[in-house]
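K.L.:
predicted model and sequence follow; I will ask about them next.
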Amino acid sequence: MEARLKEIISENNLLADCKKLLLAVSGGPDSLAMLDLFYRFKDEFDLEIAAAHLDHMFREESSSEADFVEAFAKEKGIKFFKKQLNLPEIIKKNNLSAEAAARKERFKFFKEIIDEHNYDLLALAHHRDDQAETVLLNLFRGCGLKGLSGIQISAEFNGIQIIHPLLKFKKKEILNYCYQKNLQPRFDSSNQKNIYSRNIIRNEIFPVVEQKINSKAREVIARSSNLLEAENNFLEQLAAIEYKKIIKEENDKKIIIDFNKFKNIERVLQRRIYRMIYDQLNNNLDDLYLDHIFEIEKLIKNIKTGRGVDIASGIRVEISYSNLVFYKKEEIKTTAINRIRLGLEDEIKIDETRSLETKIVKSENFTFSDNPQQAAFDFDRLNLPLFIRNRKAGDKLIPLGMRGHKKVKDILIDKKIPKYEREQLILIVDAEDNVLWLVSHKISDEYKITKETDKVLILELKYN
């Protein structure tokens with residue numbers, strides 16, 4: 001097993017540029033064998049290793065298991081991190097499934113250690129039998145090639161680089177290693193209880209399949225997952241190429257793609273692009289299911305600007321003219337601004353991200369700017385005081401260079417301003433609520449600067 005593991009590490013380049021390795025250790029045979037193996041390899045691979053154990057407090061024996069792992073690590077001089085967490089209480093409070101809550105808290109714990117102590121990689125002890133179970137579990141829940149590829153030997157999750165060095169080994173091989181090395185691992189009693197989906201697959205489904213259909217079912221499924229992973233990776237590369245061709249705007253809050261170009265891409269790649277975008281906005285693919293993909297496809301089938309659909313994790317998808325927009329609703333939200341009075345020669349805070357600067361200059365010292373965040377007015381024409389507020393139904397102004405009034409709503413439609421952006425817009429109005437400036441877009445012709453202007457009021461929107 002030691003020789004094979006070295007080969008796997010070398011063939012898959014698992015420890016490339018890794019100087020500090022954190023190992024997740026529960027105390028069971030899989031993780032204990034992994035810790036023992038890397039303890040034996042650490043000098044050969046020039047590795048600094050550490051073990052991390054999270055006590056979920058699910059079972060009575062969990063505290064003694066934590067003590068066992070700590071004693072094992074200390075005996076070998078391995079740095080050890082431990083945390084106790086009342087997971088049953090967290091599950092009850094947040095209405096989460098046991099599996100989802102445990103996974104979330106485990107990775108939160110690992111990330112804290114990695115960030116604070118600068119570990120390069122996290123090693124998890126999933127093995128071949130886990131792989132087979134994961135593939136079936138994903139299949140039963142509904143998945144594509146990605147889900148049928150199962151666990152990857154190296155992956156990235158929530159900013160953590162992960163390796164699964166034991167993924168090619170059978171459970172029997174690992175148990176054998178523990179016996180040979182007299183490791184005396186602890187066994188999780190809950191693994192025998194069919195209260196979790198994975199346990200049902202392990203304890204009920206596989207025994208029947210191996211007895212009546214194929215005695216090597218786990219091996220066959222794990223091998224098939226490797227083939228599907230290669231095909232999935234190829235399609236992911238194609239999707240990434242197409243994605244680069246259609247991207248118009250991209251940040252951690254919002255992604256905009258060219259809708260017209262996107263519609264010409266094969267559907268199999270479109271679905272991968274949805275997943276790529278969701279992953280970028282959410283930092284993982286948690287909670288995104290095939291039903292969400294179908295909802296997006298239904299939206300696209302009935303094309304209409306302004307329509308949208310909420311998918312998972314607070315992410316919304318909207319059609320906006322020639323764009324398809326994905327954004328995090330909690331990140332792009334409207335700040336209610338009823339009326340904020342503007343001082344002169346001052347800077348007024350609008351909300352957490354924006355402020356408005358005002359200053360007055362003589363006309364001979366004024367130069368027009370093409371900055372859309374800046375507007376200038378004939379000071380003597382203004383009906384003071386001025387106010388900042390959100391737009392409301394019926395707002396209108398005479399756009400610069402025109403004679404008649406035009407509704408703000410129509411201006412935004414003409415300029416093809418996306419619906420989600422309209423809700424964030426602000427107006428500058430006078431004492432009688434006449435609109436001077438649709439900020440960043442249009443100023444009123446009624447207050448424009450002319451040859452007769454003496455003093456100029458300059459307003460500038462600034463972002464923190």
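P.N.:
The structure has been received and is ready for your questions. Residues are numbered from 1 along each chain as shown.
K.L.:
any regions of the stretch 101-250 of the chain where pLDDT drops low?
P.N.:
189-193, 195 (pLDDT under 70).
K.L.:
quick one: the strands in it?
P.N.:
121-123, 154-157, 160-163, 247-250 (DSSP state E, counting those that start in this stretch).
K.L.:
show me the helices in the stretch 101-250 of the chain, by range?
P.N.:
Applying DSSP state H, counting those that start in this stretch to the stretch 101-250 of the chain gives helices spanning 128-141, 145-148, 171-180, 197-200, 206-212, 217-246.
K.L.:
got the CA positions of the second one in CSV?
P.N.:
Only the C-alpha atoms of helix 145-148 are listed here, as CSV (Å, rounded to 0.1, in the frame of the first residue of the first chain):
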residue,chain,number,x,y,z
LEU,A,145,-21.6,13.7,-16.0
LYS,A,146,-20.1,15.8,-13.2
GLY,A,147,-22.0,14.0,-10.6
LEU,A,148,-21.3,10.6,-12.2
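K.L.:
just the residues contacting it, thanks.
P.N.:
With contacts defined as CB atoms under 8 Å, 6 or more residues apart in numbering, helix 145-148 is touched by 135, 138, 139, 141, 224, 225, 228, 231, 232, 235, 275. For the C-beta atoms, the positions are set from N, CA and C on the backbone; glycine is no exception.
K.L.:
that one: which residues count as buried?
P.N.:
Under the neighbour-count criterion of 16 or more other CB atoms under 10 Å, helix 145-148 has 145, 146, 147, 148 buried.
K.L.:
from those residues, which is closest to residue 399?
P.N.:
Residue 399 has its nearest neighbour among the buried residues of helix 145-148 in residue 146, at 50.0 Å by CB to CB.
K.L.:
how near is the closest one to residue 421?
P.N.:
33 Å (CB to CB, to the nearest Å).
K.L.:
likewise residue 48?
P.N.:
49 Å.
K.L.:
for residue 271, same thing?
P.N.:
Distance from residue 271 to residue 421, by CB to CB: 27 Å.
K.L.:
also residue 54?
P.N.:
Residue 54 is 42 Å from residue 421, where distance means CB to CB.
K.L.:
ok, back up a step: could you export the strands of the stretch 101-250 of the chain as TSV, including distance to residue 61?
P.N.:
Listed next are those as TSV, based on distance: least, CB to CB, whole Å:
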stretch	distance to residue 61
strand 121-123	24
strand 154-157	28
strand 160-163	27
strand 247-250	48
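K.L.:
re the thing from before, who has more neighbours out of residue 271 and residue 421?
P.N.:
More crowded of residue 271 and residue 421, by other CB atoms under 10 Å: residue 271, with 19 against 15.
K.L.:
settle this for me: that one is touching residue 292, isn't it.
P.N.:
No. Between residue 271 and residue 292 there is no contact under CB atoms under 8 Å: 10.5 Å.
K.L.:
on that earlier part again, among the contacts of helix 145-148, which pair sits farthest apart?
P.N.:
224 and 275 (21.4 Å).
K.L.:
ok, which of the helices of the stretch 101-250 of the chain comes nearest residue 379?
P.N.:
helix 217-246 (46.7 Å).
K.L.:
for the closest one, buried residues please.
P.N.:
217-219, 221-222, 225, 228-229, 232, 235-236, 239, 242-243, 246.
K.L.:
and for stretch 366-374?
P.N.:
residue 374.
K.L.:
what does that stretch rub up against?
P.N.:
With contact meaning CB under 8 Å, 6+ apart, stretch 366-374 is reached by 376, 439, 440, 441, 449, 456, 458, 459, 460, 461, 462.
K.L.:
out of everything not next to it in sequence, what's closest to residue 168?
P.N.:
Nearest non-adjacent residue to residue 168, counting by CB to CB, 6 or more residues apart in numbering: residue 8, 5.7 Å away.
K.L.:
so how far is residue 78 from the one you found?
P.N.:
Distance from residue 8 to residue 78, by CB to CB: 22 Å.
K.L.:
ok, those two, which is more surrounded?
P.N.:
residue 78 (21 against 18).
K.L.:
wouldn't that one be in contact with residue 35 here?
P.N.:
Yes. Residue 78 is in contact with residue 35 according to CB under 8 Å; the separation is 7.2 Å.
K.L.:
and for these two, which residues touch both?
P.N.:
By CB under 8 Å, 6+ apart, the residues touching both residue 78 and residue 35 are 49, 51.
K.L.:
just the helices in the stretch 301-450 of the chain please.
P.N.:
Going by DSSP H, counting those that start in this stretch, the stretch 301-450 of the chain shows helices at 408-414, 419-422.
K.L.:
remind me what the first one packs against, helices and strands.
P.N.:
Translated: helix 408-414. strand 435-438 (3 or more CB pairs under 8 Å, 6 or more residues apart in numbering; DSSP states H and E).
K.L.:
what's stretch 23-34 in contact with?
P.N.:
With CB under 8 Å, 6+ apart, stretch 23-34 has contacts from 35, 38, 49-53, 65-66, 68-69, 72-73, 106, 110, 122-127, 165-166, 171, 174-175, 177-178, 181, 183, 185-188.
K.L.:
ok, now with 6 Å
P.N.:
Here stretch 23-34 makes contact (CB atoms under 6 Å, 6 or more residues apart in numbering) with 35, 51-53, 65, 68-69, 123-125, 127, 166, 174-175, 177-178, 183, 185-186, 188.
K.L.:
before we move on, the earlier item: and of the contacts of helix 145-148, the nearest to residue 409?
P.N.:
Distances from residue 409 to the contacts of helix 145-148, taken as CB to CB, are shortest for residue 275 (35.4 Å).
K.L.:
if I look at the nearest residue to the closest one once chain neighbours are set aside, how far off is residue 140?
P.N.:
Once flanking residues are discounted, residue 275 sits nearest to residue 285: 6.3 Å by CB to CB, 6+ apart. Counting by CB to CB, the separation of residue 285 from residue 140 is 18 Å.
K.L.:
so between the two, which is more surrounded?
P.N.:
residue 285 (16 against 12).
K.L.:
thinking again about what came up before, of all the helices of the stretch 301-450 of the chain, which one is nearest residue 251?
P.N.:
Judging the helices of the stretch 301-450 of the chain by CB to CB, what sits closest to residue 251 is helix 419-422, at 13.9 Å.
K.L.:
now that closest one - C-alpha only, CSV.
P.N.:
Taking Å, rounded to 0.1, in the frame of the first residue of the first chain, the C-alpha atoms of helix 419-422 are listed here in CSV:
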residue,chain,number,x,y,z
LYS,A,419,-34.3,46.4,-14.4
TYR,A,420,-32.0,45.4,-11.4
GLU,A,421,-29.9,48.6,-12.0
ARG,A,422,-33.0,50.9,-12.2
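K.L.:
rounded mean pLDDT for that helix, please.
P.N.:
Averaging pLDDT along helix 419-422 gives 72.
K.L.:
what of stretch 329-344?
P.N.:
Mean pLDDT, stretch 329-344: 71.
K.L.:
end-to-end on it?
P.N.:
35 Å (CA to CA, to the nearest Å).
K.L.:
re the thing from before, quick one: closest of the strands of the stretch 101-250 of the chain to residue 312.
P.N.:
strand 154-157 (16.6 Å).
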